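K.L.:
Fold the following, please.
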Amino acid sequence: MAGSNPNAKPMNLTLNVWRQPNRQAKGKIVEYHVKDISPDMSFLEMLDVLNEDLLHTNQDPVAFDHDCREGICGSCALFINGRSHGPEKGTTTCQLHMRKFSDGDTITIEPWRASSFPVNKDLSVDRSAFDRIIQAGGYVSVNTGGAPDGNEIPIPKEISDRAFEAATCIGCGACVAACKNASAMLFVSAKVSQLALLPQGNVERKTRVENMVAQMDKEGFGACTNIGSCAAECPVGISLENIAILNREFLAAKATSNNLA
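P.N.:
Numbering: from 1, shown residues only. Sure thing, here's the model as predicted:
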């Protein structure tokens, strides 16, 4: 394994895992024990080992969300020892390695806690609310046909960098899970900012921010109180500056809007 430590000793761990058979059922913390966990394993690989042990004893494996396991897709969403994605700053759950823990540790693993993210089963949650927010306005109008040249519209380097930084949001929901109000403002502001900063986003500029904020409220996310826990726990470092951009875009849109709602 690349970057592995040949002197690293396997670990024995106690896992307190949230188990919930479906949305309607009540969940509870169940204790498990895993042995001989390599420090070079990722956190999800450790859960794979747990599930193999459970299957060997005819028990139901723990359901959890995952896909790329490269820190890109935003699927892995676990609350580990009271923190979104675990103890390592700027890291998704799938990129968190077991070397961040010690032999004999007890690790508590829970799903995202937000009414807008209902639990499907165990550690798997329904984050389709984010999809509906994007559908409400997170797009640009384009003419069908050949793809335009990437350098056809000159954009200052500083602006393009800021738009790119906002576009790195992977939509994992860590911001919602970390916020005491379960606010989705950091997510929505990143999606609004990346398009508001670029000329390609001007066509729907006003309706975009109105519709996305309205859908965010409809989904039941809480209000932003600028505590900053969302940005502190964001695995890709989305800045609070984007919330300021969202607020300016929203006020400007409402000042000239025909939508009285």
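K.L.:
phi, psi of the closest residue in space to Phe79 that isn't next to it in sequence?
P.N.:
Using CB to CB, 6 or more residues apart in numbering and skipping the chain neighbours, the partner closest in space to Phe79 is Glu110 (4.2 Å). (Each C-beta comes from the backbone N, C-alpha and C, glycine too.) Backbone torsions of Glu110, given as degrees, to the nearest 10, read phi -130, psi 160.
K.L.:
And the pLDDT for Glu110?
P.N.:
According to the prediction, Glu110 has pLDDT 98.
K.L.:
contacting residues around the closest residue to Ser229 other than its chain neighbours?
P.N.:
What sits nearest to Ser229 in space, not counting adjacent residues and going by CB to CB, 6+ apart, is Ala178, at 4.5 Å. By CB atoms under 8 Å, 6 or more residues apart in numbering, the contact list for Ala178 reads Arg83, Ser84, Ser229, Cys230, Ala232, Glu233.
K.L.:
Sort out for me which of those are in strands.
P.N.:
Arg83, Ser84 (DSSP state E).
K.L.:
what ranges do the strands span in the chain?
P.N.:
11-19, 28-37, 79-80, 83-84, 106-110, 119-121, 124-125.
K.L.:
Which other helices and strands does the fourth one contact?
P.N.:
Using 3 or more CB pairs under 8 Å, 6 or more residues apart in numbering; DSSP states H and E as the contact test, the elements touching strand 83-84 are helix 174-178.
K.L.:
What mean pLDDT does the helix it packs on get?
P.N.:
97.
K.L.:
follow-up on the earlier one: now tabulate the contacts of Ala178 in TSV and tack on distance to Ala129 and neighbour count.
P.N.:
Supplementary listing: the contacts of Ala178 in TSV, determined by distance: CB to CB, whole Å; neighbours: other CB atoms under 10 Å:
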residue	distance to Ala129	neighbour count
Arg83	22	16
Ser84	17	25
Ser229	19	18
Cys230	16	26
Ala232	22	15
Glu233	18	21
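K.L.:
Please produce CSV containing the strands of the chain, extended by distance to Met216.
P.N.:
Shown next, in CSV, are the strands of the chain (distance: least, CB to CB, whole Å):
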stretch, distance to Met216
strand 11-19, 26
strand 28-37, 31
strand 79-80, 21
strand 83-84, 19
strand 106-110, 24
strand 119-121, 20
strand 124-125, 17
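K.L.:
ok, how many other residues are close to the nearest residue to Leu78 once chain neighbours are set aside?
P.N.:
Distances taken as CB to CB, 6+ apart place Thr93 nearest to Leu78, at 4.7 Å, with adjacent residues excluded. Other residues near Thr93 come to 29 when the count uses other CB atoms under 10 Å.
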